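S.K.: model the following, please.
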Amino acid sequence: AEMIFNLVFFISVTSVILQGTTLALVAKWLHLVVPEKVKRRTPLDLELTDIAKSEKLDFIIPHGSELIGRPIVSLGFPKTATIVMLKRNELYILPSGSTTLEQGDKLVVLANNPNDVEEVYKVLGIEI
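M.R.: Got it, this is the predicted structure:
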């Protein structure tokens, strides 16, 4: 019985090793792999590409800020800058346009380019 176990174990391990190391090579030989530059891009690929170009900014709403009590939609953020997360009292909130800002809120903002970053700073009243 031990001999059969050893034989089955050896065959299983050998099969996994051979398949794992040769699968990509055989797929290439059979022309089953599309080169990266020819591959059609999906909407998710485009989304991930856009995110990679975005800049992440963190802001804390200070005491006495004129932003306190204002809904996000009224801030006048550039269209390509988005508040993606808000942290309030150790809770993480996925904000919407109607979410009102409170003192101490930590905003996580994604902006697509340097002009958007400058505009976000201006909207939040931060000098750069």
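
S.K.: list the buried residues for stretch 111-127?
M.R.: Buried residues in stretch 111-127, counted by 16 or more other Cβ atoms under 10 Å: 111, 112, 116, 117, 119, 120, 124. Heads up, the C-betas are built off the backbone N, CA and C, glycines and all.

S.K.: actually stretch 86-94, not the one I wrote
M.R.: So, applying 16+ other Cβ under 10 Å, buried residues of stretch 86-94: 86, 88.

S.K.: how far does it stretch from start to finish?
M.R.: 6 Å (Cα to Cα, to the nearest Å).

S.K.: likewise for stretch 65-77?
M.R.: Note: stretch 65-77 ends 17 Å apart using Cα to Cα.

S.K.: just the buried residues of that stretch, please?
M.R.: For stretch 65-77, by 16+ other Cβ under 10 Å, it's 65, 67, 72, 75, 77.

S.K.: show me what contacts the residue nearest to the second one when sequence neighbours are not counted?
M.R.: In space, not counting the residues next to it along the chain, residue 67 is nearest to residue 101; the distance is 5.0 Å by Cβ to Cβ, 6 or more residues apart in numbering. Shown here is residue 101, whose contacts under the criterion Cβ atoms under 8 Å, 6 or more residues apart in numbering are 61, 65, 67, 68, 69, 70, 71, 72, 107.

S.K.: and residue 92, what does it touch?
M.R.: Applying Cβ under 8 Å, 6+ apart, the residues near residue 92 are 85, 86.

S.K.: any low-confidence regions in the protein?
M.R.: For the chain, the stretches with pLDDT under 70 are 33-53, 127-128.

S.K.: residues in contact with the longest strand along the chain?
M.R.: Secondary structure of the chain per DSSP state E: the longest strand is strand 81-88. If you take Cβ under 8 Å, 6+ apart as the criterion, strand 81-88 is touched by 72, 77, 92-95, 99, 102, 104-112, 116-117, 119-120.

S.K.: now, which of the contacts of residue 101 sits nearest residue 12?
M.R.: Of all the contacts of residue 101, residue 107 has the smallest distance to residue 12: 52.8 Å, by Cβ to Cβ.

S.K.: residue contacts, the closest one?
M.R.: Contacts of residue 107 by Cβ under 8 Å, 6+ apart are 58, 59, 60, 61, 83, 85, 86, 101, 124.
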